[in-house]
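> Okay, sequence plus prediction incoming.
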Amino acid sequence: MRHGDVDGSLLAFLPDGDREFLLTRGIGRSFAVNDVLLHQDDPSDHVQVVKSGWVRVSTVLEDGREIIYALRGPGDVLGELAALQGWTRTASVRAIEPVDVVQYSRSQFLAVLKDRHQVALALMSTMATRLREAERARVGSAALDVSKRLAHHLVELIDERGIRTAEGVEVRTPLSQEDIARQLGGSRRAVARALAVLRSRGVLSTGRKRIVVHRPEVLRSLTQI
């Protein structure tokens, strides 16, 4: 992928000239593992574009449960709704590995959108992509049990970030089983049980921060049941 940007991210939609223009209009910041980049309910309105590393996006519900609903990586924009609408932060963003971003004040980001129409169009494209993902997740959450949702989640991971090896398709993931459970809206026990069944059938194997899918065709078939 060009520049290593995540498919569907803001930078992935930009030609080289507009990409470089955007990245030179803010200030660089670095975050360590577990640092919080953005806080839920915070009134700040700055925007960040991820240059390297991955973060997780989560919301804490009224009952105290944390729901992880997105991973963001190189090329992704963070906090754009606060800049565009003046809203407080709807979610928290936490680094799951060392992360470098370019940060913009609200006025800086809006000036870029005004000066470079291609950046504005790219922002619309990435927001449309996220809306489609959110709708798909909503429908999936309502219609699928944990095992099927897990299979669907793993298929998306191997399609987006899978690397073919002699063993199968490998996915490096910084998420724990508890994180995956939160992302799927299920319990850690249910996710562990579903993974155990897939391991016992030789569909996949798991290790520290890695999943190897040995039989992707079986995994895909589970999403169709």
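Now that the structure is in, tell me what you want to look at.

> going forward, measure contacts between C-alpha atoms and count neighbours the same way
Noted.

> This structure: strands as residue ranges?
27-31, 36-38, 47-52, 55-60, 66-72, 77-78, 92-95, 99-104, 163-164, 169-172, 204-207, 210-213 (DSSP state E).

> For those, could you give me TSV that also reports distance to His117, mean pLDDT and mean neighbour count?
Formatted as TSV, those follow (distance: least, CA to CA, whole Å; pLDDT from 0 to 100; neighbours: other CA atoms under 10 Å):
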stretch	distance to His117	mean pLDDT	mean neighbour count
strand 27-31	21	98	15
strand 36-38	27	97	20
strand 47-52	17	97	24
strand 55-60	28	90	21
strand 66-72	24	81	18
strand 77-78	16	97	22
strand 92-95	27	94	22
strand 99-104	17	98	22
strand 163-164	35	91	14
strand 169-172	36	89	20
strand 204-207	45	91	16
strand 210-213	40	92	21
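
> and of these, who's closest to Arg188?
strand 66-72 (12.5 Å; CA to CA).

> so Gly26 sits right up against Ser107, yeah?
No: under the criterion of CA atoms under 8 Å, Gly26 is not in contact with Ser107, lying 10.8 Å apart.

> Those two: who's more crowded?
Gly26 (19 against 13; other CA atoms under 10 Å).

> Pro15: neighbour count?
12.

> and what of Glu135?
Glu135 has 11 nearby residues by other CA under 10 Å.

> Look at it and report its pLDDT.
On pLDDT, Glu135 comes in at 71.

> Thr126 too?
pLDDT, Thr126: 95.

> Find the residue at the geometric middle of this structure.
A centroid search over the chain (CA atoms, centre = their mean) returns Leu71, at 1.9 Å, as the residue closest to the centre.

> picking that back up, JSON lines please, covering the strands of the chain and showing distance to Ile180.
Formatted as JSON lines, the strands of the chain follow (distance: least, CA to CA, whole Å):
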{"stretch": "strand 27-31", "distance to Ile180": "23"}
{"stretch": "strand 36-38", "distance to Ile180": "19"}
{"stretch": "strand 47-52", "distance to Ile180": "22"}
{"stretch": "strand 55-60", "distance to Ile180": "11"}
{"stretch": "strand 66-72", "distance to Ile180": "8"}
{"stretch": "strand 77-78", "distance to Ile180": "21"}
{"stretch": "strand 92-95", "distance to Ile180": "15"}
{"stretch": "strand 99-104", "distance to Ile180": "21"}
{"stretch": "strand 163-164", "distance to Ile180": "20"}
{"stretch": "strand 169-172", "distance to Ile180": "13"}
{"stretch": "strand 204-207", "distance to Ile180": "13"}
{"stretch": "strand 210-213", "distance to Ile180": "12"}
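
> closest to Leu131 out of the ones you listed?
Among the strands of the chain, if distance is taken as CA to CA, the winner is strand 66-72, at 11.9 Å.

> Which neighbours in the sheet does that closest one have, and how are they oriented?
Using DSSP bridges, the strands paired with strand 66-72 in its sheet are strand 55-60 (antiparallel).

> So which residues make contact with the strand it pairs with?
With CA atoms under 8 Å, 6 or more residues apart in numbering as the test, strand 55-60 has contacts from 40, 66-73, 90-97, 99.

> picking that back up, can you pull the contacts of the residue nearest to the centre of the chain?
Trp54, Val55, Arg56, Val57.

> my read: the first one touches Gly75, true?
No: with the criterion set as CA under 8 Å, Trp54 and Gly75 do not qualify as a contacting pair; they are 10.2 Å apart.
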